[in-house]
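Asker: pasting a predicted model and its sequence here:
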Amino acid sequence: MIDTGLAGKVALITGGNHGIGAATARALAREGASVLINYLRMPALGSPAPSDDASSPGLAFYNSRRAQDADEVVRNLREQGGRAQAIEADLSNPTTIPWLFEQAEYLFGPVDVLVNNADYCQADTFIPKGYPGSADLTPGGYPLSALSAESHDRHFAINSRAVALMMAEFARRRITKDLRDGRIINLSTDAASGFGQNTSYGASKFAMESYSRAAAHELGPYGITVNIVSPGPTQTGWITPAMEQALSEQTPLRRVGQPEDLADVIVFLASQQARWLTGQILYVGGGHRML
């Protein structure tokens with residue numbers, strides 16, 4: 001049996017009310033870590049068609065997941081004997097970030113593991129409406145709008161700036177307290193190098209990857225590792241059955257990912273087994289992308 005060294009550690013996870021964040025909270029709690037979950041209930045993405053079944057993956061189902069709180073996640077963790085708390089707060093407000101760390105320290109102690117999983121995604125495009133290649137919806141049926149200053153800034157506020165500030169706050173508190181062996185794991189996308197119809201999302205994730213490598217370089221002497229998990233298509237509620245079939249056929253392992261697949265890798269990166277790994281991107285998607 002492998003000892004991850006996570007028992008008694010404190011983890012702060014953003015975007016933990018559903019999907020990968022919730023699965024990560026459960027996985028870290030099973031290893032004995034205390035978990036503070038940050039989340040923000042999000043408005044609906046467009047209007048589902050009348051035929052859209054809210055009980056199976058698709059727009060209506062995904063909207064319901066995005067709008068839920070983290071109470072059930074916390075309740076389940078506590079029922080399993082874990083120590084957990086959830087706080088709803090908007091990471092686009094920079095004052096939220098030091099406050100979250102203060103709350104974690106008050107509840108559990110200094111944060112040892114930071115998982116930046118929260119993101120903002122609203123499909124946007126360079127192509128003007130009415131011209132070849134334009135569309136009102138993505139192939140998955142999600143609203144598609146023209147790239148604008150607003151769409152750019154909303155993506156970068158969460159996917160890039162908030163992650164950078166979270167890392168800076170984590171580093172400041174670890175370094176000034178002379179604490180070693182910190183772990184930062186940031187969630188990206190395997191299309192970050194260029195994501196058609198999700199242009200601002202992909203670009204903001206690519207910027208986050210640059211911040212992560214810089215942080216790994218600078219924080220290594222302080223015993224802090226920084227790594228990136230880059231998911232392939234993962235079923236967090238947004239992949240319709242038709243999309244899932246097509247994506248599975250494009251993936252060597254012939255299925256889409258599940259949140260638990262990502263959570264297991266995140267636990268590894270947080271563990272003592274990953275002590276000699278930093279500044280790396282792990283593409284976790286069944287071979288959907290290979291280098």
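Answerer: Yep, it's here. Numbering: from 1, shown residues only.
Asker: can I assume I228 sits in a strand?
Answerer: Yes. Counting by DSSP: H, G, I helix; E, B strand; the rest coil, I228 is found in a strand.
Asker: what is the three-state secondary structure of L269?
Answerer: The assignment at L269 comes out as helix when based on three-state DSSP.
Asker: that one: what's it in contact with?
Answerer: Applying Cβ atoms under 8 Å, 6 or more residues apart in numbering to L269 gives the contacts 183, 185, 225, 227, 229, 277, 282. No exception for glycine: its C-beta is placed from N, CA and C like everyone else's.
Asker: again, 10 Å this time
Answerer: Counting by Cβ atoms under 10 Å, 6 or more residues apart in numbering, L269 touches 113, 115, 183-186, 225-229, 277-278, 280, 282.
Asker: roughly how far apart are it and C121?
Answerer: Look at L269 and C121: by Cβ to Cβ, to the nearest Å, they are 23 Å apart.
Asker: need the contact list for the residue nearest the centre of the chain.
Answerer: Residue closest to the mean C-alpha point of the chain, counted by Cα atoms, centre = their mean, is N117 at 2.1 Å. Counting by Cβ under 10 Å, 6+ apart, N117 makes contact with 13-16, 19-25, 37-39, 163, 185-187, 229, 262-263, 266.
Asker: likewise for Q80?
Answerer: By Cβ under 10 Å, 6+ apart, Q80 lies in contact with 26, 29-30.
Asker: pLDDT score for it?
Answerer: Note on Q80: pLDDT of 93.
Asker: got it, and D52?
Answerer: With respect to pLDDT, D52 scores 69.
Asker: re earlier: in CSV: the contacts of Q80, plus pLDDT.
Answerer: CSV is the format used below for these (pLDDT from 0 to 100):
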residue, pLDDT
R26, 98
A29, 98
R30, 97
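Asker: who wins on neighbours among those?
Answerer: Counting neighbours by other Cβ atoms under 10 Å, A29 leads the contacts of Q80 with 23 neighbours.
Asker: pretty sure it sits against F108.
Answerer: No. With contact defined as Cβ atoms under 10 Å, A29 does not count as touching F108 (11.7 Å).
Asker: and for these two, which residues touch both?
Answerer: 11, 35, 83-84.
Asker: from the residues you listed, pick the one nearest P252.
Answerer: P252 lies nearest to A11 out of the shared contacts of A29 and F108, by Cβ to Cβ, at 31.3 Å.
Asker: who touches the closest one in this structure?
Answerer: Contacts were defined as Cβ under 10 Å, 6+ apart; by that measure A11 touches 24-25, 27-29, 31, 33-37, 84, 104, 108, 111-115, 183, 185, 266-267, 270.
Asker: where does it sit, in terms of helix or strand?
Answerer: strand 10-14 (DSSP states H and E).
Asker: that older thread, can you list which of the shared contacts of A29 and F108 are found in strands?
Answerer: With DSSP state E as the criterion, strands contain 11, 35, 84 from among the shared contacts of A29 and F108.
Asker: for beta bridges, what are the partners of the first one?
Answerer: Going back to what we said before, that points to A11. For A11, the beta-bridge partners are V35, V113 (DSSP bridges).
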